[in-house]
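Enquirer: Sharing a sequence plus its predicted fold:
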Amino acid sequence: MVKVAVLGAAGGIGQPLALLLKANPLVTELACYDIVNTPGVAADLSHINTPAKVTGYLGDAQLADALRGASVVVIPAGVPRKPGMTRDDLFNINAGIVKTLATGCALTCPNAFICVISNPVNSTVPIVAEVLKAHNAYDPKKYGEKYASIISPPFSPTSK
């Protein structure tokens with residue numbers, strides 16, 4: 001039995017991510033959490049004929065319920081970068097959101113694998129690590145980072 005919690009499930013990344021997880025045969029329970037529209041997202045996903053049970057959770061009061069028993073937590077929550085917005089602006093908004101969600105994870109499902117995809121990832125992943133450390137829930141074997149922004153094509157000897 002694998003319960004996956006998607007924190008930010010009503011957003012532009014969270015919705016298609018939840019759809020893919022609903023279709024995954026390894027997922028038996030899918031918890032969709034956000035601050036808006038999550039019951040509708042969960043209702044839509046529940047019409048897909050797979051064994052995974054989908055439940056929508058809405059707002060701060062239901063965060064712990066969404067996380068309870070989760071083996072995997074995926075965090076796409078936060079605002080997307082808008083035109084004219086710097087990475088610092090994005091950080092100032094999303095850091096607080098990610099910190100709150102990480103605290104919920106540390107308190108409710110400290111052994112879960114946590115996947116952070118909230119931008120800027122190079123700043124939000126360390127925030128999650130520090131929150132987990134503060135709650136004595138940090139496991140260095142579960143910590144890692146991969147940045148799409150630093151992945152480049154392989155070196156070619158003909159390139160200049």
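Expert: Received the coordinates, thanks.

Enquirer: Just give me the longest helix of this structure.
Expert: Longest helix in the chain, counting residues (DSSP state H): helix 87-108.

Enquirer: Pull out the buried positions in that helix.
Expert: Under the neighbour-count criterion of 16 or more other C-beta atoms under 10 Å, helix 87-108 has 90-91, 94-95, 97-98, 101-106, 108 buried. Where C-beta positions appear, they are placed from N, C-alpha and C, glycine not excepted.

Enquirer: From the chain's centroid, how far away is that helix?
Expert: Centroid separation for helix 87-108 versus its chain: 11 Å, with C-alpha atoms, centre = their mean, to the nearest Å.

Enquirer: Show me the strands paired with whichever helix or strand comes after that helix, marking each as parallel or antiparallel.
Expert: Note on helix 87-108: by DSSP states H and E, the next helix or strand toward the C-terminus is strand 113-116. Strand 113-116 sits in its sheet next to strand 72-75 (parallel), going by DSSP bridges.

Enquirer: can you list contacts of the strand it pairs with?
Expert: 2-8, 17, 21, 67, 98, 101-102, 105, 109, 112-118, 124, 128 (C-beta atoms under 8 Å, 6 or more residues apart in numbering).

Enquirer: Check the gap between the residue nearest in space to the middle of the chain and residue 43 for me.
Expert: Centroid check for the chain by C-alpha atoms, centre = their mean gives residue 75 as the closest residue, at 1.1 Å. Distance of residue 75 to residue 43, given as C-beta to C-beta, to the nearest Å: 22 Å.

Enquirer: cool, residue 3 as well?
Expert: Residue 3 sits 19 Å away from residue 43, going by C-beta to C-beta.

Enquirer: residue ranges with poor pLDDT in this structure?
Expert: Along the chain, the model assigns pLDDT under 70 to residues 145-160.

Enquirer: Which stretches in it count as helices?
Expert: Counting by DSSP H, the helices of the chain are 14-23, 38-46, 63-67, 87-108, 121-134.

Enquirer: Point out the other helices and strands that the longest helix of the chain packs with.
Expert: With contacts defined as 3 or more C-beta pairs under 8 Å, 6 or more residues apart in numbering; DSSP states H and E, the packing partners of helix 87-108 are helix 63-67, strand 72-75, strand 113-116, helix 121-134.
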